[in-house]
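Asks: Dropping the sequence and predicted coords here.
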Amino acid sequence: MKTLQTKTIAMLSCMLVVALVLAVLLILNALNERHDAERYGMMEKIAGNLNAMAGWQGIERGTGAVIIGETNPSAAILNTFDDVVKKVDAEAQLASSEIKRLLESEADADIEKKFTEWLSILSAVQSSRSKVKAAQITSKEWISVTTKNVKNAFALRAIVFSPHNPREKVFYYNAVVRANVATLCEYAGRERATLAAIIATGNSISFEQRDTLKFWRSIVDDNVEKMLALKTLSTTPTSLVEGINHFEKEFLGPYQQLRKQIYAASANETTYPVNSTEWIESATKAIDTGLAISNVIGNISAEAAKDINFIASSAIILNFALFGVAVLVFSISIYALRFLIIKPIVNLVTVIEAIAAGDLSVHIPPSDRQDEIGLLTNAAKTMQSEWHKLILDVYAHSASVHTAAQQIVSSIEEQAATTNQMSASVAEITSTME
């Protein structure tokens, strides 16, 4: 039998299930947000520690070069070197700890690979420090190993901040990669214009011009390294890898060879291998491969934006669907409570109040419900019927009593008449005797 308690529990259970589903979705979303916040926090610490380490590494590099260059370095410079070494190692240790935490929370093969490379180079720096004090390493070797450590630290930092979802792709590829491409093309364009003017005059590159061109080229080379490192990441889209490969083939192929020939011709004061127009055409072709990467990034960003929009739209649809289900379940529950429980109880109360007031004519339809409401309705109907029978019995007994009373009154009246006759007879006899 489905009791009223069972029905009520069933309705409340449906409402509870909907509420739990909504709560679970909110909790999962909050957990994802907290996970991202924790990851961003670790990434921020890693970047800060690696930047600080690179800064102290630069000081260590310069101090070590001084020690190597001096025949008898002073105690002050040696103490400075030791202090800087401690700071480099401290920042490196902090960065290492945060990277391990990051890898524990979320496995990333690219970060793990670069982290291992960086630790290997850092170990090489640490083993070279004793050679610095003992003058067992050249200044060139020392500067090379420390510079390599700084570059790898920055490369590791860049990989740590590589995108992991569509939203991050939009920001990373536009704010970082496109900026690198733009910087690369800008300074390569400056070199193109300057060399074109020099080639047109037929003059050699002056020392001042050479220094400026070297500075510009160092910026170009730095961004080229960043672009080439990007294609090694497993998360880099295939279209971008193809664009970088094409860029590498053109920019570091024939164009690079032509650059070297131009600089060699200037140094040897011989005729340039191309005229200014040919140089501009060759340089423009190479630089355009860099600009093509920017176009590829634009397409990737557009796709990522579509993914973001799809995810957001799906979330909105899901939320509206759950909201609709919640409203539907709530409405059905209210309807059921009103028409299956509240209304029958109110009607039953009205009937019972009428019976209590003495109105037994009120109609109580029989109920086929098997719950408490049905039992109460049928019990009320039975009570009404029994009370009706009782009243009829009382009425029948009252009629019998009334008939008996009338008979008694009639008998008394007859006896009174007889008594009166007897009294008259006695009075008459008495009168005769006198």
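Replies: Right, received. Where do you want to start?
Asks: quick one: contacts for Thr377?
Replies: For Thr377, the contact set (CB atoms under 8 Å, 6 or more residues apart in numbering) comprises 344, 348, 364-367, 369. Just so you know, the C-beta spots here come from the backbone N, C-alpha and C atoms, and that holds for glycine as well.
Asks: how about a cut-off of 10 Å?
Replies: Listed by CB atoms under 10 Å, 6 or more residues apart in numbering, the contact partners of Thr377 are 344-345, 347-348, 351, 364-369.
Asks: Report all helices and strands that the one helix or strand Asn79 maps to contacts.
Replies: Asn79 belongs to helix 75-105 when assigned by DSSP states H and E. Helix 75-105 sits against helix 4-69, helix 109-133, helix 139-160, with contacts defined as 3 or more CB pairs under 10 Å, 6 or more residues apart in numbering; DSSP states H and E.
Asks: now those in CSV, with mean neighbour count?
Replies: Listed next are the helices and strands packed on helix 75-105 as CSV, based on neighbours: other CB atoms under 10 Å:
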stretch, mean neighbour count
helix 4-69, 15
helix 109-133, 16
helix 139-160, 19
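Asks: Share the number of residues neighbouring the closest residue to Arg129 other than its chain neighbours, please.
Replies: Excluding the flanking residues, the one nearest Arg129 by CB to CB, 6 or more residues apart in numbering is Val85, at 6.1 Å. Residues near Val85, counting by other CB atoms under 10 Å, number 20.
Asks: Touching, Val85 and Glu60? I think so.
Replies: Yes: checked against CB atoms under 10 Å, the pair Val85 and Glu60 is within contact range at 6.1 Å.
Asks: Common neighbours of these two, please.
Replies: 125, 129, 132.
Asks: Make TSV out of those residues and add distance to Asn180 and pLDDT.
Replies: Listed next are the shared contacts of Val85 and Glu60 as TSV, based on distance: CB to CB, whole Å; pLDDT from 0 to 100:
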residue	distance to Asn180	pLDDT
Val125	27	95
Arg129	33	93
Val132	34	92
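Asks: Output these as JSON lines; include the columns distance to Val145.
Replies: What follows is the shared contacts of Val85 and Glu60, written out as JSON lines (distance: CB to CB, whole Å):
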{"residue": "Val125", "distance to Val145": "6"}
{"residue": "Arg129", "distance to Val145": "10"}
{"residue": "Val132", "distance to Val145": "10"}
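Asks: so what's Pro163 up against?
Replies: Applying CB under 10 Å, 6+ apart, the residues near Pro163 are 169-173, 176-177, 233, 235-236, 300, 304.
Asks: Going by neighbour count, which of those residues are buried?
Replies: 169-170, 172-173, 176-177, 233, 236, 300, 304 (16 or more other CB atoms under 10 Å).
Asks: Looking at the residues you listed, which are in strands?
Replies: Among these, no member falls in strands (DSSP state E).
Asks: In those, find the pair that's most separated.
Replies: The two members of those with the most space between them (CB to CB) are Val170 and Leu233, at 16.8 Å.
Asks: shouldn't Val145 be in contact with Ser120?
Replies: No: using CB under 10 Å as the test, Val145 is too far from Ser120 to be in contact (11.2 Å).
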